[in-house]
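In: Here's a sequence, model it:
(one chain, ligands or ions: 1)
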Amino acid sequence: MDERIKRIRETGRGKRLLLHVCCGPCAAGVLPAVTPHFDVTLFYHNPNILPKTEFIKRLDTLKSLLEHFPQVKLIVPPQSEAEFLSAVRGKESLPEGGARCDVCFALRLDATAEYLAAHRDEFDAFATTLTVSPRKNAPRINAAGRAAADRYDVVYLDSDFKKRDGYLTSVRLCKEFGLYRQHYCGCGFPCPAQGDSHPCSEHQKSDINIVDYDSSYCEATARLFSETVLNVNAKDYSPEQLRVWARSADDRERWERSFTGHRAVVAVLDGKVVGFGDIDPAGYLDRLYVHKDYQRRGIASLLCDRLEPFADGDVVTHASITAKPFFRQRGYAVVRENTVEREGTTLVNFVMRKPSQNVGDK
Ligand code: SF4
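Out: Numbers count the residues shown, from 1 in each chain. Presented below is the predicted three-dimensional model:
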């Protein structure tokens, strides 16, 4: 996309963009970045959004957003749930982020490419807002976009809108404009409402809000850190090791400073801080802690889902003995055992790495 923007600046040509849009919140994260350069027409093709009432609710939200971007046009092509259900048949029970999502991306981007091919005189290229979501794997979405472009002999523009604070912009504008933000991706598979006994991850965790860290969370995260270390890690470390480890949050000014320059998020349930995590720009997942009373509720996964996509390449972390199985399950491999010295006491942890191509897998 950057190349195209450069060319538009030089020649003023090629700026008519057909932008596949999945929902209002994602569009809110992308439109401020693209409208200064492109003449944008949104293409709302999402037969994956179930049930129909939710499809309509998200479309209405998108229309509300467009009141703030009057220059942007909107196309809603004919589409049906049956189209999606037939494409993902046999993949309903796969987790979000798996093969069903690849089919879902391809279905929507194929439809966009097909529309562009039939209206070549109106548009120069297409792209998608899907890459703004921290829960979505941009390389896999872009691969689906390029494949669709090849099939219809049109131009697809790669993007990764989350890398430019697209997600933060989305959160900010939704709040500012009072827009509805959904709690699940689209299909909600597998879902109890559809007769399945396994609730989908988004429904199960929908009461937990992942919000951006700010200094108002300094005290609560520092306390959570100490309590988690002293209780949850007690089975793997000695009392002396736990004591020196837990003390790292005692200096609150230093604790606050330690988040500077990091992407940091906090998990909040009913107004209570139940977890937090942070990652630095180089992809080092610095901390990931869940409240001692809220273990095994998927909170660590939610935090990782938010943080990992901000890495440009591999994600690396120093995992405690206690956390090692969790990270292994998420696709991290042990690089080496590590020894940390604190106040004359040594602690063992593990340097673990998740390859960039697996970021987005859960
Ligand atoms: S989880 Fe989202 S991307 Fe995956 S298949 Fe369902 S609607 Fe599509």
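
In: who touches residue 170 in this structure?
Out: 25, 26, 28, 29, 30, 132 (CB atoms under 8 Å, 6 or more residues apart in numbering). All C-beta atoms are positioned from the backbone trio N, CA, C, and that covers glycine.

In: let's see 6 Å
Out: Counting by CB atoms under 6 Å, 6 or more residues apart in numbering, residue 170 makes contact with 25, 28, 29.

In: same question, residue 211
Out: Contacts of residue 211 (CB under 6 Å, 6+ apart): 266, 268.

In: Look at it and report its pLDDT.
Out: Per-residue pLDDT puts residue 211 at 91.

In: got it, and residue 201?
Out: Taking residue 201 on its own, its pLDDT is 40.

In: what residues are up against the closest residue to residue 145 other than its chain neighbours?
Out: Leaving aside its chain neighbours, residue 145 sits nearest to residue 156 (4.1 Å; criterion: CB to CB, 6 or more residues apart in numbering). Shown in contact with residue 156 (CB under 6 Å, 6+ apart): 126, 145, 146, 149.

In: How is this structure divided into domains?
Out: 2-177, 208-358 (automatic domain parsing).

In: With distance to the ligand added, can I get the ones you listed in CSV?
Out: Converted to CSV, these look like this (distance: least, CB to the nearest ligand atom, whole Å):
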stretch, distance to the ligand
domain 2-177, 3
domain 208-358, 12
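
In: Present the ones you listed as CSV; the columns should include distance to residue 183.
Out: Formatted as CSV, those follow (distance: least, CB to CB, whole Å):
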stretch, distance to residue 183
domain 2-177, 10
domain 208-358, 10
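
In: residue ranges for the helices of this protein, please.
Out: 2-11, 24-34, 52-66, 81-87, 99-118, 138-152, 166-177, 201-204, 218-232, 239-246, 252-257, 299-307, 324-329 (DSSP state H).

In: chain center to the longest one: distance?
Out: The chain centre lies 20 Å from the centre of helix 99-118; the measure is CA atoms, centre = their mean, to the nearest Å.

In: Next, the angle from that helix to helix 138-152.
Out: Angle, helix 99-118 to helix 138-152, by axes from the mean of the first three to the mean of the last three CA atoms, to 10 degrees: 40 degrees.

In: now for helix 99-118, which elements pack on it?
Out: Contacts defined by 3 or more CB pairs under 6 Å, 6 or more residues apart in numbering; DSSP states H and E place helix 99-118 against helix 138-152.

In: And for the second one?
Out: In terms of contacts (3+ CB pairs under 6 Å, 6+ apart), helix 24-34 is packed against helix 52-66, helix 166-177.

In: I'd like these as CSV, with mean pLDDT appended.
Out: Below are those laid out as CSV (pLDDT from 0 to 100):
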stretch, mean pLDDT
helix 52-66, 95
helix 166-177, 90
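
In: Would you reformat these as TSV and include distance to residue 220?
Out: Formatted as TSV, the helices and strands packed on helix 24-34 follow (distance: least, CB to CB, whole Å):
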stretch	distance to residue 220
helix 52-66	31
helix 166-177	20
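
In: quick one: which of the contacts of residue 156 has the most company?
Out: Most neighbours among the contacts of residue 156, by other CB atoms under 10 Å: residue 145, with 27 neighbours.

In: So that residue is in contact with residue 110, correct?
Out: No. Checked against CB atoms under 6 Å, the pair residue 145 and residue 110 is beyond contact range at 9.5 Å.
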